[in-house]
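Visitor: this one's structure only:
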């Protein structure tokens, strides 16, 4: 079935460092791909999305490109801030899943000053 | 503010007690979901409702029941709480292709 695998954490970076969180997917159809962010004590918020191959989603300095050839949707940010400390979830949705979402296990990011 | 509202935010139950978690959305979304979040396991789908009047089991439905009361409301019931149901519960709603909107969660402890 459809699924998402993301890199395990926790990840600790210094402020202004470059961030990559890897996400790969398995799907029989053409899924939409998402990154969600969860700040401490809160629910998940949509960070960015891409609905077809080669699309780039971006928001708040974060970017991810839908790569069909490598079945990947890696999250990147050029210069992280302390306020980016959160848990990041990769997810997919497709008609094969009845438009339900399947989430990765989450990657915890801590940014230190 | 538009969104998904969950109540209560915190709850402590004794083993064997029952309770209902409430969820309401004001975005006119057709689909609603209940997830649980446990350390190291991400989010797991308990039940979902693709539209008003329908409900279906997700990955971990045992020990839970749901009711889609109307288009706005989707409740989750624990009939006889067990310590294994200690978790953070999230309700979400969606409209096709637009992504999920999550509530802020209910932290449940069963002792």
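Guide: Done, it's in. Nothing here was measured: the structure is a model prediction, and the numbers come from that model.
Visitor: contact residues of chain B facing chain A?
Guide: B:4, B:31, B:33, B:40-43, B:45, B:48, B:50, B:58, B:90, B:92, B:94, B:96-97, B:99-105 (Cβ under 8 Å from any Cβ of the partner chain). (Each C-beta comes from the backbone N, C-alpha and C, glycine too.)
Visitor: drop anything exposed from those residues.
Guide: Buried residues within the residues of chain B next to chain A, defined by neighbour count using 16 or more other Cβ atoms under 10 Å in any protein chain shown: B:4, B:31, B:33, B:42-43, B:45, B:48, B:50, B:58, B:90, B:92, B:94, B:99-105.
Visitor: narrow those residues to those in strands?
Guide: Using DSSP state E, the members of those that fall in strands are B:4, B:31, B:33, B:42-43, B:45, B:48, B:90, B:92, B:94, B:100-102.
Visitor: what parts of chain A come near chain B?
Guide: Chain A has residues A:32, A:34, A:36, A:42-46, A:49, A:51, A:89, A:93, A:98-101, A:103-106 near chain B, with proximity defined as Cβ under 8 Å from any Cβ.
Visitor: so which of the residues you listed sit within helices?
Guide: Residues of those located in helices (DSSP state H): none.
Visitor: filter those to the buried ones?
Guide: For the residues of chain A next to chain B, buried by 16+ other Cβ under 10 Å: A:32, A:34, A:36, A:43-44, A:46, A:49, A:89, A:93, A:99-101, A:103-106.
Visitor: so which of these belong to strands?
Guide: A:32, A:34, A:36, A:44, A:46, A:49, A:89, A:93, A:101, A:103.
Visitor: from the ones in strands among the buried ones among the residues of chain B next to chain A, which has minimum pLDDT?
Guide: Here the lowest pLDDT out of these sits on residue B:42, with 82.
Visitor: OK, contacts around it?
Guide: Residue B:42 makes contact with A:89, A:103, A:104, A:105, A:106, according to Cβ atoms under 8 Å, 6 or more residues apart in numbering or on different chains.
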